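Trainee: need a 3D model of the following:
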Amino acid sequence: MVKILIAFIVIAGAALFLLMKGGGEVSMTGEQHGMETHAPAASDGTTQK
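Mentor: All right, here's what the predicted structure looks like:
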């Protein structure tokens, strides 16, 4: 059981290291809702049936 825990910690640490070293726009804060992430909705007043 201890070996599994140690292996998990090592693999999780390696994954975090690779994500941080990769740089770029990696966001670990979850979903973000803002104007820059969504396209404006087209509202022309018509409905489809």
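
Trainee: what is the burial count for residue 8?
Mentor: 10 (other CB atoms under 10 Å). (Each C-beta comes from the backbone N, C-alpha and C, glycine too.)

Trainee: so it is in which element?
Mentor: Assigned by DSSP states H and E, residue 8 falls within helix 2-22.

Trainee: model confidence over that helix, on average?
Mentor: Average pLDDT, helix 2-22: 92.

Trainee: what are the buried residues along that helix?
Mentor: Counting neighbours by 16 or more other CB atoms under 10 Å, one finds that helix 2-22 has no buried residues.

Trainee: other SSEs contacting it?
Mentor: Contact partners of helix 2-22 among helices and strands, from 3 or more CB pairs under 8 Å, 6 or more residues apart in numbering; DSSP states H and E: none.

Trainee: only C-alpha atoms, please: export it in CSV.
Mentor: What follows is helix 2-22, C-alpha atoms only, in CSV (Å, rounded to 0.1, in the frame of the first residue of the first chain):
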residue,chain,number,x,y,z
VAL,A,2,2.8,2.4,0.8
LYS,A,3,4.5,1.6,-2.5
ILE,A,4,1.3,2.6,-4.4
LEU,A,5,1.1,5.9,-2.4
ILE,A,6,4.8,6.7,-3.2
ALA,A,7,4.3,5.9,-6.9
PHE,A,8,1.2,8.1,-7.1
ILE,A,9,3.1,11.0,-5.5
VAL,A,10,6.1,10.6,-7.8
ILE,A,11,3.9,10.4,-10.9
ALA,A,12,1.8,13.3,-9.9
GLY,A,13,4.9,15.4,-9.2
ALA,A,14,6.4,14.5,-12.6
ALA,A,15,3.1,15.5,-14.3
LEU,A,16,3.0,18.8,-12.5
PHE,A,17,6.6,19.4,-13.4
LEU,A,18,6.0,18.7,-17.1
LEU,A,19,2.9,21.0,-17.1
MET,A,20,4.7,23.9,-15.5
LYS,A,21,7.9,23.4,-17.6
GLY,A,22,5.8,23.3,-20.8
